[in-house]
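>>> here's my sequence, what's the structure:
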Amino acid sequence: HPAQVSVFEEWADHPELVRGYIGPQLLDKLGIRYLVDPRVVAGSAWLTGANEPGRHATDVVCGRDFTPDGIIEAADVRAGDPCPDCAAGELTIRRGIEIGHIFQLGRRFTDAFAVDVLGPAGKPVRPTMGCYGIGVSRAVAAVAEQHHDDRGLVWPAAIAPCDVHLVVAGKGPQLDAALAIGGRLAAAGLRVLVDDRTQVSAGVKFTDAELIGIPRAVVVGRRLADGYVELRERAGDERTELPLDGLVDRLVDAVRQERGNLV
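Residues are numbered from 1 along each chain as shown. A predicted model of the protein is given here:
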């Protein structure tokens with residue numbers, strides 16, 4: 001291969017270079033430009049080739065024994081690479097979601113405000129600061145990516161903005177009943193969203209309820225006259241007709257049980 005021939009020719013032009021035992025100390029003297037990993041910083045010591053057959057050099061210090069021409073991040077991590085932290089196993093590449101940051105602030109703010117604390121020796125010391133931040137909007141985006149279907153969000157009960165979504169499918173008695181149910185649920189400590197809009201159809205309300213994705217939706221509609229409402233579970237898409245009697249207690253018990261499982 002032409003490229004391989006040119007490489008061998010370069011070796012022939014530099015008899016000082018011993019293949020397999022090259023050290024950066026000699027590259028500097030030969031005027032050969034080379035790049036190093038970003039982790040090779042001034043003052044760090046390394047084990048390198050000694051530029052002699054079969055020999056290596058220890059404690060070769062960057063900045064003292066060699067000075068690189070620059071840095072390059074050339075490592076390509078691939079699935080199946082050996083695990084760097086254990087004796088066995090392979091690396092697996094998976095998609096992740098970044099929802100927070102760790103910031104190293106140094107002494108920028110402590111210097112600006114002359115903040116000192118009592119150190120271990122009983123003398124004032126200037127602290128070095130850092131902070132941890134979780135992006136609320138990023139967290140919502142992560143939830144949306146992990147918990148959704150083709151109709152909208154499917155909020156996990158642990159972080160849903162509301163526990164129950166009351167959908168009023170009608171006017172007059174349906175609205176009054178929904179407001180009464182919502183008031184009792186709120187008084188019991190549940191977070192309730194009541195869709196009391198009168199200018200849109202029931203179909204629009206159902207679509208919006210699926211889009212918002214509250215774990216439970218209670219539809220107060222045509223069966224109200226018979227003493228029933230419809231309970232819709234957003235995650236499993238289950239629909240059950242329930243009597244008004246005992247409805248509030250059932251919902252409160254279900255939500256409290258979920259919260260207890262999270263403790």
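>>> show me the strands in the stretch 1-150 of the chain, by range?
With DSSP state E, counting those that start in this stretch as the criterion, the stretch 1-150 of the chain has strands at 35-36, 45-49, 56-61, 70-71, 100-106, 117-118, 124-125, 129-134, 148-149.
>>> which residues are contacting the third one?
Spelled out, it's strand 56-61. For strand 56-61, the external contacting residues (CB atoms under 8 Å, 6 or more residues apart in numbering) are 21, 23-25, 43-50, 66. Using the backbone N, CA and C atoms, a C-beta is placed for each residue, glycine as well.
>>> report the two of the residues you listed separated the most.
Considering CB to CB, no two members of the contacts of strand 56-61 lie farther apart than 21 and 43, which are separated by 24.2 Å.
>>> neighbours of residue 216, how many?
Applying the criterion other CB atoms under 10 Å, we find 20 residues in the vicinity of residue 216.
>>> for residue 252, what are phi and psi?
Its backbone dihedrals place residue 252 at phi -60, psi -40, with angles given as degrees, to the nearest 10.
>>> again with residue 182
Recorded main-chain torsions at residue 182 are phi -60, psi -40, according to degrees, to the nearest 10.
>>> so it touches residue 194, yeah?
Yes. In this structure, residue 182 sits in contact with residue 194. The criterion is CB atoms under 8 Å, and the distance is 4.6 Å.
>>> give me the common contacts of the two.
residue 166.
>>> name the helix or strand for residue 194, please.
Using DSSP states H and E, residue 194 sits in strand 192-195.
>>> could you list every helix and strand in contact with that strand?
Strand 192-195 makes packing contacts with strand 164-168, helix 173-187, helix 202-212 when contacts are defined by 3 or more CB pairs under 8 Å, 6 or more residues apart in numbering; DSSP states H and E.
>>> how about the second one: buried residues?
The one in question is helix 173-187. Taking 16 or more other CB atoms under 10 Å as the neighbour-count basis, helix 173-187 is seen to contain the buried residues 174-175, 177-178, 181-182, 184-185.
>>> and which of these is nearest residue 154?
Where those are concerned, and distances follow CB to CB, residue 154 has its nearest neighbour in residue 185, at 20.9 Å.
>>> for residue 165, list each beta-bridge partner.
Per DSSP bridges, the residues bridged to residue 165 are residue 193, residue 217.
>>> wait, it touches residue 214, no?
Yes. Residue 165 lies in contact with residue 214 (CB under 8 Å); the separation is 3.8 Å.
>>> give me the common contacts of these two.
Jointly contacting residue 165 and residue 214 under the rule CB under 8 Å, 6+ apart are residue 193.
>>> re the thing from before, any chance of CSV for the buried residues of helix 173-187, columns pLDDT and distance to residue 17?
Listed next are the buried residues of helix 173-187 as CSV, based on pLDDT from 0 to 100; distance: CB to CB, whole Å:
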residue, pLDDT, distance to residue 17
174, 93, 87
175, 92, 87
177, 93, 88
178, 94, 84
181, 95, 84
182, 94, 81
184, 94, 85
185, 95, 79
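>>> and those, which is closest to residue 247?
residue 181 (6.8 Å).
>>> what's the distance between that closest one and residue 196?
Applying CB to CB, to the nearest Å, one obtains 12 Å for the distance of residue 181 from residue 196.
>>> what residue ranges in the stretch 151-263 of the chain score low on pLDDT?
In the prediction, the stretch 151-263 of the chain carries residues with pLDDT under 70 at positions 261-263.
>>> related to what we said a few turns ago, which of the contacts of strand 56-61 are buried?
For those, a neighbour count by 16+ other CB under 10 Å gives the buried set as 21, 23-25, 46, 48-50, 66.
>>> which one of those residues is nearest residue 111?
Residue 111 has its nearest neighbour among those in residue 46, at 34.8 Å by CB to CB.
>>> touching, that closest one and residue 63? I think so.
No. With contacts defined as CB under 8 Å, residue 46 does not count as touching residue 63, sitting 11.5 Å away.
>>> contact partners for the residue nearest to residue 160 when sequence neighbours are not counted?
Computed as CB to CB, 6 or more residues apart in numbering, the closest residue to residue 160 that is not its neighbour in sequence is residue 215, at 5.3 Å. When contacts are counted by CB under 8 Å, 6+ apart, residue 215 is found next to 155-157, 160, 163, 233-235.
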